[in-house]
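Undergrad: sequence first, then the predicted structure:
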Amino acid sequence: MLFLKRLKIKILREFNQRKHSAIFPAMAQQSNVARRGVIGVIVREGRLLVIRRSQTVIAPGLLCFPGGGIEAGESETAALVREMREELNVAVTPQRRLWTSITPWQISLAWWLTALDADAIPTPNPAEVASVHWHTPAEAAELPDLLPSNHDFLRALNRDEFSLR
């Protein structure tokens, strides 16, 4: 039974990566301007905050860590605070940059460890976020509909390239 579950996950990942490659290359061709984004990595009791994207944004319905684009003249930390307020209606405190990556569609991402008050309740903005979930890193790595760049982040975490502490 476990073999069948793993096979299903592998098939879903392959399907989603093909689906993503059909969506995102078109984005890269829209502009030759280098684009930058910021991702908030929020940890609560050993679990990571993961969102399901709304149906009205690029890559609808997929799972990912919250974040978004950095506007002209905006710092990474200012963009992170703005994006968390826009997507989840929460105030956050950027702690430190964990990692950087470049997506297949040429967006440079800065991944930030982000503090969220213990009593804060993320409330999705339905225009951007369909739902909020909390997963351990191992659980998140098994999500077949997680964006590929998020899988890359989790693999880097497993390789101890950075710590969430």
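TA: Happy to help now that I have it. Numbering: from 1, shown residues only.
Undergrad: quick one: list the elements packing against the helix or strand harbouring residue 98.
TA: Using DSSP states H and E, residue 98 sits within strand 92-102. Under the contact definition 3 or more CB pairs under 8 Å, 6 or more residues apart in numbering; DSSP states H and E, strand 92-102 sits against helix 76-88, strand 107-116, helix 148-158. For every residue, glycine as well, the C-beta is placed using N, CA and C.
Undergrad: quick one: strands adjacent to the second one?
TA: Its sheet considered, strand 107-116 pairs with strand 35-41 (parallel), strand 92-102 (antiparallel) by DSSP bridges.
Undergrad: hang on, the earlier thing: and the strand holding residue 98, what's buried?
TA: The neighbour-count criterion (16 or more other CB atoms under 10 Å) identifies 92, 94, 98, 99, 101 as the buried residues of strand 92-102.
Undergrad: need the strands paired with strand 107-116 in JSON lines with mean pLDDT and distance to residue 118, can you?
TA: Listed next are these as JSON lines, based on pLDDT from 0 to 100; distance: least, CB to CB, whole Å:
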{"stretch": "strand 35-41", "mean pLDDT": "97", "distance to residue 118": "16"}
{"stretch": "strand 92-102", "mean pLDDT": "97", "distance to residue 118": "12"}
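Undergrad: residues of stretch 158-165 that come out buried?
TA: residue 162.
Undergrad: cool, and stretch 127-134?
TA: 128, 129, 130, 132, 134.
Undergrad: how many neighbours does residue 60 have?
TA: Neighbour count of residue 60, defined by other CB atoms under 10 Å: 12.
Undergrad: helix/strand/coil for it?
TA: coil (DSSP: H, G, I helix; E, B strand; the rest coil).
Undergrad: spatially nearest residue to it (excluding sequence neighbours)?
TA: residue 53 (5.8 Å; CB to CB, 6 or more residues apart in numbering).
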